[in-house]
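Participant: return atomic coordinates for the entry below.
(2 chains)
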Amino acid sequence: MENSVAYEKATELRLGLPGIDEPAVLSSVKNNKRPLHDEKSGENGKSAQNETAPPSKAQIVGWPPVQSYRKNNFQQAKKSESECGGIYVKVSMDGAPYLRKIDLKVYKGYPELLQVLENMFKFTIGEYSEREGYKGSDYEPTYEDKDGDWMLVGDVPWEMFITSCKRLRIMKGSEARGLSCSGV
Amino acid sequence: MPRRLASSLSDEVLEHVFSFIQSDKDRNVVSAVCKSWYEIERWCRRKIFVGNCYAVSPKMVIRRFPQVRSIELKGKPHFADFNLVPDGWGGYVLQWITEMAGAYPWLDEIRLKRMVVTDESLELIAKSFKDFKVLVLASCEGFSTDGLAAIAASCKNLRELDLRESEVDDSSVHWLSHFPETYTSMVSLNISCLGSGEVSFSALERLVSRCPNLRSLKLNRAVPLDKTANILRLAPQLVEFSTCTYSAELRSDVFSNLAGAFSNCKELRSLSGFWDVVPDYLPAIYSVCSRLTSLNLSYATIQSPDLIKLASHCPSLQHLLVLDYTEDSGLEALASNSKDLQELRVFPSDPFDAEPNASLTEQGLVAVSLGCPKLQSVLYFCRRMSNAALVTIAQNRPNLTRFRLCIIEPKTADYLTGEPFGVGFGAIVEHCKDLIRLSLSGLLTDCVFEYIGKYAKKLEMLSVAFAGDSDLGLHHVLSGCESLRKLEIRDCPFGDKALLTNAAKLETMRSLWMSSCSVSFEACKLLSQKMPRLNVEVIDERGPPDSRPENYTVDKLYIYRSVAGPRFDMPPFVWTKDEDLALRLSP
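Facilitator: Numbers count the residues shown, from 1 in each chain, chains lettered A, B, ... in the order given. Next comes the predicted model:
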């Protein structure tokens, strides 16, 4: 198994000069990160679909047919949205056909955030414990942090969470189970 | 021989009778009855509408109608709104203004859409028409606040100045201050397109306070919230109002001032703007909501629960423009509250995002089609649709006259069955017998065009994108749609055969636009030779089409009927069959 991992690493495409350690190696050494399931596992085809960020599309000129006047004015509106100092992140839930956006700055802590997520997507989150994650429901709230790792919501102090969270994902079912072990 | 009835009435009587006939279509029919009616009618026609400024020349219009008071002109094709028409294509108004300045000293209304208007044109208007009253520049460009200053300074009787969706350059002139202190005639002012530097707030306040007949006021974004309340208190008689920027946090003093100002406006029926609105301020407008017939929230980033609350206060709504933040739940609430709804437009908040960010599906539209019996006009952006939903909508609302559906991802299939949308749109054209405008989207084969050709007999405007399999699709439309005036097509496999077979049809239409289709330059030249009263313009920035290989297909094609012949202001990237360089004079 070690050999195959080494083979994978050697043939993996990456940016950077050869011989330099990959960042992935470094981050797994960081403590306190509860690793989620291997992103590359293709066991559950649906999960692979959901977790890969959609490839950025080459925009077709003039499509969708939104008037340039409207586009320009709305972009201004959205710019001022971020200028107001909010921390906007996208929230997705496995199985839901839409995403939402929330401003993390608005909430004072995890309980409030989780309540809002429950209301938004109409589901219940289980009881959180540091050792065992969320028990009592099929869903687990996770987030992608600045390093690109998927973490369980609640593992780090709130202030650290809102500054490192890039997007939220409410995972469902068996993948969520893969969060029970903590640390490497 | 007994005298014919037509000549037994004196000219004055006929002219008086004709003065009650306002519609262009009816006037055209009247003028075709006989020579004397033609003569009488042309002398008393006061209003002219020219749907394509290149279809006729200003001299020809002036020659036939010597006493016009009001003119409306349209320039660029509709797809210019989506950046498909390169800059410099045309649509210049200067020559029209120049000719009319000499011929129509009493012209008092000019309405332009998608035209290039320079400061020179505006200055000429200000100088030439002594009793000028109405200037509407919709989606125009090419002018600055200098031109506006000239209008403000000279047009003592100006009643309406509407710059909707135009692009105005800021020349740093305080143009509003150019309205003299003696000027009091403003009835309708729309400056919502102007940037922050272009409106002096104190000048605006003074203007509003001295115009007692002001009925419609649409402010630009930069006017802050507390100022809005002041303006409203100065003009409680407003019927239409566009609000400005809402500040980031709720301040109770600002809120109560605003709420108080709104509650004074007993005549207010239409509200728009709402840029950057914070939901906490919305209750300030509740006092006017019950009387509102028109609400434009399509720039407001407020979410569904706040929209639902707002809509529940507006039972008299006839026109609603909104973003997809309203979601299906918002539309369901609308369907149960607003039984007078005639027009619904739902715009996408994030059109370029691959993933949906709001729970808006076909269900919302189905709910509105069921709950709103007067619904006639729909513009709907969404990410999924089904044939079943379209059939339901068609059966619920056979009174639809305008149906524009944009499924955001091109060639998306019916999400339930994986099928194309022939059946769904077929139901729309079959049931909605008075449909005059239709925009298609999603996965579509030639089948849908067969339905359209068969049923859409009153259809005047059709927009098509990423659809069809072959020339047969285009042929169905051109041969079947008897009332078709405007056809715009992009990214469809339609080519020479359908076009050449239906050449005669093109002269019965205002225009045809085809881009990224399969039409060859040879066919364009042939069409142009066959049909001398069609202008066939190939728009291609890649170079002369003649120098290309035989199977080359043109980039963009714009065909329109014209009695004026080829135009003289074509830019280098517009190619016609004529190699005559004299046709490339600068505008």
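
Participant: need the contact list for the residue in chain A positioned nearest to chain B.
Facilitator: Residue nearest to chain B within chain A: A:Gly62 (3.5 Å; C-beta to the nearest C-beta). Placement of C-beta: from N, CA and C, glycine included. With contact taken as C-beta atoms under 8 Å, 6 or more residues apart in numbering or on different chains, A:Gly62 is in contact with B:79, B:82-84, B:490.

Participant: now with 7 Å, please.
Facilitator: Contact analysis of A:Gly62 by C-beta atoms under 7 Å, 6 or more residues apart in numbering or on different chains lists B:79, B:82-84.

Participant: repeat for B:Glu327
Facilitator: B:Glu327 neighbours (C-beta under 7 Å, 6+ apart): B:304, B:358-360, B:364.

Participant: now do the SS call for it.
Facilitator: The three-state assignment at B:Glu327 reads helix, by DSSP: H, G, I helix; E, B strand; the rest coil.

Participant: tell me the confidence at it?
Facilitator: What the model reports for B:Glu327 is a pLDDT of 92.

Participant: and the one 10 residues further on, by the same measure?
Facilitator: At B:Asn337 the predicted local distance difference test score is 92.

Participant: ok, now how distant is it from chain A?
Facilitator: B:Asn337 is 23 Å from chain A, where distance means C-beta to the nearest C-beta, to the nearest Å.

Participant: same check on B:Ala80?
Facilitator: Look at B:Ala80 and chain A: by C-beta to the nearest C-beta, they are 9 Å apart.

Participant: which ones, among the contacts of B:Glu327, also lie beside chain A?
Facilitator: Subset of the contacts of B:Glu327 in contact with chain A: B:358-359, counting by C-beta under 7 Å from any C-beta of the partner chain.

Participant: in TSV, list the contacts of B:Glu327 along with pLDDT and neighbour count.
Facilitator: Below are these laid out as TSV (pLDDT from 0 to 100; neighbours: other C-beta atoms under 10 Å in any protein chain shown):
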residue	pLDDT	neighbour count
B:Ser304	82	19
B:Ala358	78	24
B:Ser359	86	22
B:Leu360	93	29
B:Gly364	97	24
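
Participant: which of the contacts of B:Glu327 sits closest to chain A?
Facilitator: Taking those together and measuring to chain A by C-beta to the nearest C-beta, the closest member is B:Ser359, at 4.6 Å.

Participant: mind checking the SS state of the closest one?
Facilitator: Going by three-state DSSP: B:Ser359 is coil.

Participant: now do the contacts for B:Val536.
Facilitator: The neighbours of B:Val536, taking C-beta under 7 Å, 6+ apart as the test, are B:524, B:527-528, B:559, B:576-577.

Participant: tally of neighbours for B:Pro236?
Facilitator: When neighbours are defined as other C-beta atoms under 10 Å in any protein chain shown, B:Pro236 has 14 of them.

Participant: quick check: it vs chain A, distance?
Facilitator: Distance, B:Pro236 to chain A, by C-beta to the nearest C-beta: 28 Å.

Participant: what does B:Val378 give?
Facilitator: Relative to chain A, B:Val378 is positioned 15 Å away (C-beta to the nearest C-beta).

Participant: how many other residues sit next to the closest residue to B:Leu459 other than its chain neighbours?
Facilitator: Nearest in space to B:Leu459, with sequence neighbours left out and distances taken as C-beta to C-beta, 6 or more residues apart in numbering or on different chains, is B:Cys481 at 5.1 Å. Burial measure for B:Cys481: 25 neighbouring residues, criterion other C-beta under 10 Å.

Participant: what's near enough to touch B:Cys481?
Facilitator: B:452-453, B:456, B:459.

Participant: ok, back up a step: the contacts of B:Val536 in helices, which ones?
Facilitator: B:524, B:527-528 (DSSP state H).

Participant: nearest to chain A among those?
Facilitator: B:Cys524 (21.5 Å).

Participant: let me know the secondary structure of the residue of chain A closest to chain B.
Facilitator: For A:Gly62, the assignment made with three-state DSSP gives coil.

Participant: okay, the closest residue to it other than its chain neighbours: pLDDT?
Facilitator: Excluding its sequence neighbours, the residue lying closest to A:Gly62 (C-beta to C-beta, 6+ apart) is B:Phe82, at 3.5 Å. pLDDT recorded at B:Phe82 is 94.

Participant: pull the number of nearby residues for B:Phe82.
Facilitator: Counted with other C-beta under 10 Å, residues neighbouring B:Phe82 total 18.

Participant: now swap in B:Ala235 and tell me
Facilitator: For B:Ala235, the neighbour count with other C-beta under 10 Å is 18.

Participant: list the contacts of it.
Facilitator: Applying C-beta under 7 Å, 6+ apart, we find B:Ala235 in contact with B:208, B:214, B:217.

Participant: now, the residues you listed that are in helices?
Facilitator: B:Val208.

Participant: beta partners of B:Ile407?
Facilitator: B:Cys382 (DSSP bridges).

Participant: if I look at it, how far off is B:Tyr455?
Facilitator: According to C-beta to C-beta, to the nearest Å, B:Ile407 stands 21 Å off from B:Tyr455.
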